[in-house]
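In: pasting the sequence and the predicted model now:
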Amino acid sequence: MRVKDFKETIDIPEGKELIVAGTIISIKGKNGEVSKCFKMPRFIFSKEGNNLKISCKNFNVYDRRNLETVRAHIRNMIKGVDEGYTYLLKICSSHFPMTVAVQGKKLTVKNMLGEKVPRELTLKDGAKVEIKGDIIEVTGADLDIVSQQAADIEQLTRLTNKDRRIFQDGIYITNKDGTVM
């Protein structure tokens, strides 16, 4: 088996700034900045102009998988700082009128199935949450933060020990960045 070294360059489009600090890669664009730490000790990241250069010694099949992961994350980061990501959630309340409000860094759900104590969720930095009638819109530049915030909101109203065919109350993800669920 022949051992080989590997080098690849990922082009960063115009209008975006690339910052490389060891294993932390940041990309700045019109929608903000997204940073990720790639804990892959065999990879060496460097900036060459406005391009990301990735090199690896003794490249093998496991490194190939990691390289594809890095490429996918970089693509998501570029799209995030350029266009941003949007998740839409629908508030469904058939048994009791549910009240959902955002106050500062807290999302509060009151009267979920007649509960006396409101359910609360601390919102993440990097995700903007807006309530428009019975639709909750979660937007931001970092896909990981936006999708996790939407999942946390959905889990906040999760029901246990109830028949889901009857008790359909809750908040559900209906649209992931243009893809209807």
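Out: The structure has been received and is ready for your questions. Numbering: from 1, shown residues only.
In: looking at it, Ser55 is touching Met40, isn't it?
Out: No - contact between Ser55 and Met40 fails when scored by Cβ atoms under 8 Å: they sit 11.7 Å apart. C-beta here means a position set from N, CA and C on the backbone, and glycine is covered the same way.
In: doesn't Ala72 belong to a helix?
Out: Yes - with DSSP: H, G, I helix; E, B strand; the rest coil as the criterion, Ala72 is part of a helix.
In: surely Asn31 meets Gly80?
Out: Yes - between Asn31 and Gly80 there is a contact under Cβ under 8 Å: 6.7 Å.
In: between those two, which is the more surrounded one?
Out: Neighbour totals were compared for Asn31 and Gly80, and Gly80 leads with 24 against 17 (other Cβ atoms under 10 Å).
In: give me the distance between the two termini of stretch 49-61.
Out: 29 Å (Cα to Cα, to the nearest Å).
In: same thing with stretch 115-131?
Out: End to end - Cα to Cα - stretch 115-131 spans 21 Å.
In: give me the distance between that stretch and the centre of its chain.
Out: Mean-position distance between stretch 115-131 and its chain equals 16 Å (Cα atoms, centre = their mean, to the nearest Å).
In: could you list the buried residues of that stretch?
Out: In terms of neighbour count (16 or more other Cβ atoms under 10 Å), stretch 115-131 has its buried residues at Arg119, Leu121, Leu123, Lys124, Gly126, Ala127, Val129.
In: which residue is the nearest non-sequential neighbour of the third one?
Out: By the measure of Cβ to Cβ, 6 or more residues apart in numbering, the closest residue to Leu123 outside its immediate chain neighbours is Lys105, 5.0 Å from it.
In: what is the burial count for that neighbour?
Out: Number of residues near Lys105 (other Cβ under 10 Å) recorded here: 11.
In: which residues are common contacts for Asn31 and Gly80?
Out: Here Asn31 and Gly80 have Ala141 as joint contacts, going by Cβ atoms under 8 Å, 6 or more residues apart in numbering.
In: thinking again about what came up before, tell me the one of the buried residues of stretch 115-131 nearest Asp5?
Out: Nearest to Asp5 among those, counting by Cβ to Cβ, is Gly126 at 36.3 Å.
In: quick check: that closest one touching Leu143?
Out: No - using Cβ under 8 Å, Gly126 is not in contact with Leu143; the gap is 10.4 Å.
In: tell me where the chain has strands.
Out: 6-11, 17-21, 24-29, 32-37, 43-48, 51-56, 85-92, 99-103, 106-110, 119-122, 128-132, 135-140, 170-176, 179-180 (DSSP state E).
In: any idea which of these gets closest to Ala151?
Out: Each of the strands of the chain has some distance to Ala151 by Cβ to Cβ; the shortest is strand 170-176, at 7.5 Å.
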